[in-house]
Every structure is written in structure tokens, then in C-alpha cells.
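Engineer: mind folding the following:
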Amino acid sequence: MKNLLKKIQQKQEENTLLLGKKVWDDVTKSLPKAIGVIEDDTPRVKKFAKAIKKLNKKSQKAVKKWLEQQIHDLNYYAPDLMTGREEVELMRQLQIYNHHLEAIS
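Structural biologist: This is a model prediction of the structure:
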């Protein structure tokens, strides 16, 4: 019974992350491209937060969970050895996700 409950919970988490990704894609496709610089991205992030607030609670929680997962993965699963360019891109992605997460938290 424990294994069944664990599988159900894992499937629910997967579905939440899939919904979060879909919400992210749907909302951000109509926004200007993210740069990764707070000052430049602020107008985009404000529009993002406004759009997210219009969604139902389930979608809001899903996109928040997805952003948290992206940040976690970038922090913990990045390769130890990276080129300077790869490291800059990693930092840019982290900045984008963190800025958007802060706006909806």
C-alpha cells in the first residue's frame, strides 16, 4: 500500500511540474524575451506576475513549483567544470527564474 501511495504522490508531483511548465510557456510566449538583468527584465516580470494572478490557484501553485524545481536543478545538477560562457548562461537562467519566482511569491 505504501508503494502505491508513493507512486500516486510521485505522479501528482510530475503532473504539477508539467502543468507549471505549460503555464510558464503559455504566459511567457506573449512577453518580451527575458534578458537576465533585473533592471531590463522588470517590465516583463511585472506583466508575468499580473498574468499569473489571473490564473486559478492550481496553476499558480504549479508554475511556482516548476520555477522552484528549475532553480534547484540549475543549482545542484550543473556540471562542476564549465566554460565561462556556460557559467554565464547558467547565472542568466538562475536570475530569470529567481526574478520571476520572487514576483509571484
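
Engineer: look up how far Arg92 lies from Lys65.
Structural biologist: Lys65 sits 22 Å away from Arg92, taking C-beta to C-beta, to the nearest Å as the criterion. Backbone N, C-alpha and C define where each C-beta goes, glycine included.

Engineer: wait, Pro79
Structural biologist: In this structure, Pro79 and Arg92 are separated by 16 Å, where distance is defined by C-beta to C-beta.

Engineer: so which of the two has more stuff around it?
Structural biologist: Arg92 (14 against 9; other C-beta atoms under 10 Å).

Engineer: tell me how far the more buried one lies from Leu67.
Structural biologist: With the distance defined as C-beta to C-beta, Arg92 ends up 15 Å from Leu67.

Engineer: please apply the same query to Ser59.
Structural biologist: From Ser59 over to Leu67 (counting by C-beta to C-beta), the distance is 13 Å.

Engineer: for the record, mean pLDDT for stretch 98-105?
Structural biologist: For stretch 98-105, mean pLDDT rounds to 96.

Engineer: would you agree Lys21 is in contact with Leu67?
Structural biologist: No - shown here, Lys21 and Leu67 do not form a contact pair, counting by C-beta atoms under 8 Å, at 9.9 Å.

Engineer: of these two, which one has the most company?
Structural biologist: Counting neighbours by other C-beta under 10 Å for Lys21 and for Leu67 shows that Leu67 has the greater number, 24 against 16.
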